[in-house]
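Need a 3D model of the following:
(one chain, ligands or ions: 2)
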Amino acid sequence: MTNENCIFCKIAKGEIPAKIEYQDEDIIAFHDITPQAPLHLLVIPKTHIASANEINSENSRFLSKIFETIPKLTKSFGVNEKGYRVVNNCGDHGGQTVHHIHFHVLGGRHLAWPPG
Ligand code: 5GP
Ligand code: ZN
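Ligands and ions are numbered 1, 2, ... in the order given. The predicted model follows:
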């Protein structure tokens, strides 16, 4: 399922260019256009899921696949040992600006906590 006005659906379909690091039939990982760390990937399901609020038993396998893929990606970028952060922003208070669920993968520097 895709949403024709959704920028991440367009990236998933190849209609908008992105620096893609990995994709298969279900998910795609690409570099954030405004990186906040030396490594800043976005990992998304190709299916349009608006936010974490929409995760259910029908689509949760895509989330499993995303979390199986993240350690492979971070290993390939050499950030596994020092560590990295996976972030999902949900809704207005969560700071979500693109309404297609995505997981930020941030690494390559020490990240501050707590978030602002
Ligand atoms: P959010 O604020 O929704 O959690 O994160 C959305 C992220 O998508 C932001 O970090 C933003 O830089 C990134 N982004 C927005 N538009 C594009 C785009 O067209 N291409 C890529 N690669 N990243 C985008
Ligand atoms: Zn979408």
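
Going by contacts, tell me the helices and strands next to the strand ranked longest in the chain.
Scanning the chain for the longest strand, with DSSP state E as the assignment, gives strand 39-45. Counting contacts by 3 or more CB pairs under 8 Å, 6 or more residues apart in numbering; DSSP states H and E, strand 39-45 is packed against helix 7-12, strand 27-31, helix 60-76, strand 103-107. For every residue, glycine as well, the C-beta is placed using N, CA and C.

Quick check: mean pLDDT of that strand?
Mean pLDDT, computed over strand 39-45, is 98.

now stretch 3-16
Mean predicted confidence for stretch 3-16 is 95.

Say whether ligand 2 is contacted by the longest strand of the chain.
No: if you take CB under 5 Å from the ion as the test, strand 39-45 misses ligand 2, and the best it gets is 7.8 Å.

Pull up the pairing partners for that strand, direction included.
When pairs are called by DSSP bridges, strand 39-45 turns out to pair with strand 27-31 (antiparallel), strand 103-107 (antiparallel).

With distance to ligand 1, mean pLDDT and mean neighbour count added, can I get these in CSV?
Shown next, in CSV, are those (distance: least, CB to the nearest ligand atom, whole Å; pLDDT from 0 to 100; neighbours: other CB atoms under 10 Å):
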stretch, distance to ligand 1, mean pLDDT, mean neighbour count
strand 27-31, 5, 98, 20
strand 103-107, 6, 98, 21
